[in-house]
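Novice: For reference, the sequence and a predicted model appear below.
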Protein chains: 2
Amino acid sequence: MAEKDLKERIKEVAVEHFNRNGYHGTTIRNIANDVGCSLPMIYYYYKNKKELFDEIIKKEFFSIIKKQASLLKTSSIIDFYTRFIHDLNALNGYDKQVYRLGIKVYLSFDGDDELMNLMDEWEKTILPRHYRILQPHLKNTDNDTAVVRTLVHLLETLIENIVVKNRYLPEEEIREEIAIVLRGVDGSIPDPQLH
Amino acid sequence: MAEKDLKERIKEVAVEHFNRNGYHGTTIRNIANDVGCSLPMIYYYYKNKKELFDEIIKKEFFSIIKKQASLLKTSSIIDFYTRFIHDLNALNGYDKQVYRLGIKVYLSFDGDDELMNLMDEWEKTILPRHYRILQPHLKNTDNDTAVVRTLVHLLETLIENIVVKNRYLPEEEIREEIAIVLRGVDGSIPDPQLH
DNA sequence: ATAGAATACTAACGAACGTTAAATATAAAG
DNA sequence: CTTTATATTTAACGTTCGTTAGTATTCTAT
């Protein structure tokens, strides 16, 4: 056995390669090279290339977004969402790359139909979940659903900036944008820093 | 010469393949097969695989987004942005796929460093351009730049939904979301279709 | 009609791919 | 000190890749 767990190290290097070169651009030989082991060792731990890719998405990616979804709620709803996004900045390199790879599959830029369907099912749960979070604060006007939809859309871009483009987003900028969308929503301090 | 222009047909098929399988997953043989020509014909018109990919991004993609950026302005600023996004729905299949491929490169999911740098430069022009468009309507409050930034972020997600995920976004939904972000901005007819 | 250019194809090259068989080293158990 | 199971390697397999040399066909203009 090597210094650390070889199976884990393979997966870590694989994530980098799948991210940088895509599924087809990634070769088992390159992974083995970067890990520092021989080529067949990868087949010793994983049945084939696809199983290695699938394990990253099915196990690692979904465990990250579930962990993120079960975060503590803070006082104000804007604080909650600001933190929800800002915490992504602090994700370690491996988790961030897994997240990035998941988004790649989510946008059907990689992976296969099976993984895409998994993503579609997960996507259907997004809007209802945030609607449930926001419902106590909504004012029952006729554009409530539009506000939730806009917020989710904004969150998507913010996540992409941090995770995909690997940028650091300052907490203040995140808060500003969320506050703009949630302006007028209860608990967000009505018309926040304007008056 | 074939029925249509063979060089163009190759490019059209190539866009589909690059989109579906990524750069490395796309093979010259598969393209030639789908075009219905022999393999070396692709090398007759394009120096190699990379030049084919580059031409799609450098010529086709940027011509699409420049055409889109030079669209007519309509009366209200919300109408303008609503139309800006909604028109993407009507993009023909080829243009939409080129756009999609461009976003893939923009998110550094495909392409190489050279194309990425091209995208970075283009990205730097986005915020100033929209700030210039919105400036006459902004109220000079201290969160003007945040509003512009939020709008651009929202636009990105909307574009992705239409172009990448290939969904149809109804004009009404687009307008609602843009109006939420631009609420309070001059020329947006304050609290638009709500009262 | 025919020469020359443009367009197209057949066949093959070397390299790299995913994957596996077989052999070897290492560690644990008796 | 064997025996056995686990961990790791060398070497090779068949396939497919990007690319090109060489040759045939079709078009164009004289």
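Specialist: Thanks, I have the structure now.
Novice: from here on, contacts and neighbour counts on C-alpha atoms
Specialist: Fine.
Novice: Contact residues of chain A facing chain B?
Specialist: Proximity of chain A to chain B (C-alpha under 8 Å from any C-alpha of the partner chain) is limited to residues A:19-25, A:104, A:107-110, A:142-143, A:146-147, A:149-150, A:153-154, A:156-158, A:164-165, A:173, A:176-177, A:180-181, A:194.
Novice: Which members of those are classed as buried?
Specialist: Those of the residues of chain A next to chain B that meet the buried threshold are A:19-24, A:104, A:107-110, A:146-147, A:149-150, A:153-154, A:156-158, A:164, A:176-177, A:180-181, by 16 or more other C-alpha atoms under 10 Å in any protein chain shown.
Novice: Considering only those, which also neighbour DNA strand C?
Specialist: residue A:24 (C-alpha under 7 Å from any atom of the strand).
Novice: show me what contacts residue A:18?
Specialist: A:25, A:26, A:53, A:101 (C-alpha atoms under 8 Å, 6 or more residues apart in numbering or on different chains).
Novice: Around DNA strand C, pick out the residues from chain A.
Specialist: When proximity is defined as C-alpha under 7 Å from any atom of the strand, chain A approaches DNA strand C at A:1, A:24, A:26-30, A:39-40, A:43, A:47-50.
Novice: Farthest-apart pair in those residues, please.
Specialist: In the residues of chain A next to DNA strand C, two members sit farther apart than any others by C-alpha to C-alpha. They are A:1 and A:24, at 29.6 Å.
Novice: Residue A:153 reaches residue B:158, doesn't it?
Specialist: Yes: when contacts are counted by C-alpha atoms under 8 Å, residue A:153 is listed as touching residue B:158 (7.5 Å).
Novice: Domain-wise, how is chain A divided?
Specialist: A:1-46, A:58-194 (automatic domain parsing).
Novice: got JSON lines for those, with distance to residue B:79 and mean pLDDT too?
Specialist: Below are those laid out as JSON lines (distance: least, C-alpha to C-alpha, whole Å; pLDDT from 0 to 100):
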{"stretch": "domain A:1-46", "distance to residue B:79": "38", "mean pLDDT": "92"}
{"stretch": "domain A:58-194", "distance to residue B:79": "17", "mean pLDDT": "89"}
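Novice: what about the helix ranked longest in chain A, near DNA strand D?
Specialist: Ranked by residue count, the top helix of chain A under DSSP state H comes out as helix A:6-25. Yes: using C-alpha under 7 Å from any atom of the strand, helix A:6-25 reaches DNA strand D at residue A:6.
Novice: what angle do the next helix or strand after that helix and helix A:6-25 make?
Specialist: Downstream of helix A:6-25, the next assigned helix or strand under DSSP states H and E is helix A:28-35. Taking axes from the mean of the first three to the mean of the last three C-alpha atoms, to 10 degrees, helix A:28-35 and helix A:6-25 form an angle of 140 degrees between their directions.
Novice: Show residues contacting helix A:28-35.
Specialist: Taking C-alpha under 8 Å, 6+ apart as the rule, helix A:28-35 contacts A:9, A:10, A:13, A:14, A:17, A:38, A:39, A:41, A:42, A:49.
Novice: Let's see if you can find the most crowded of those.
Specialist: Most neighbours among the contacts of helix A:28-35, by other C-alpha atoms under 10 Å in any protein chain shown: residue A:14, with 26 neighbours.
Novice: And the helices in chain A?
Specialist: A:6-25, A:28-35, A:40-45, A:49-55, A:62-69, A:77-86, A:93-106, A:113-124, A:126-134, A:144-159, A:171-181.
Novice: how about those in CSV, adding distance to residue B:78?
Specialist: As requested, these are arranged in CSV below (distance: least, C-alpha to C-alpha, whole Å):
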stretch, distance to residue B:78
helix A:6-25, 37
helix A:28-35, 50
helix A:40-45, 54
helix A:49-55, 43
helix A:62-69, 33
helix A:77-86, 25
helix A:93-106, 30
helix A:113-124, 28
helix A:126-134, 24
helix A:144-159, 15
helix A:171-181, 15
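Novice: quick one: residue A:129 from residue A:69, how far?
Specialist: Residue A:129 sits at a distance of 9 Å from residue A:69 (criterion: C-alpha to C-alpha, to the nearest Å).
Novice: cool, residue A:164 as well?
Specialist: Relative to residue A:69, and taking C-alpha to C-alpha, residue A:164 is found at 19 Å.
Novice: now the contacts of residue A:18: which count as buried?
Specialist: Using 16+ other C-alpha under 10 Å, the buried ones in the contacts of residue A:18 are A:26, A:53, A:101.
Novice: Just put these in JSON lines and tack on distance to residue B:120.
Specialist: Output for the buried ones among the contacts of residue A:18, formatted as JSON lines (distance: C-alpha to C-alpha, whole Å):
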{"residue": "A:26", "distance to residue B:120": "25"}
{"residue": "A:53", "distance to residue B:120": "29"}
{"residue": "A:101", "distance to residue B:120": "21"}
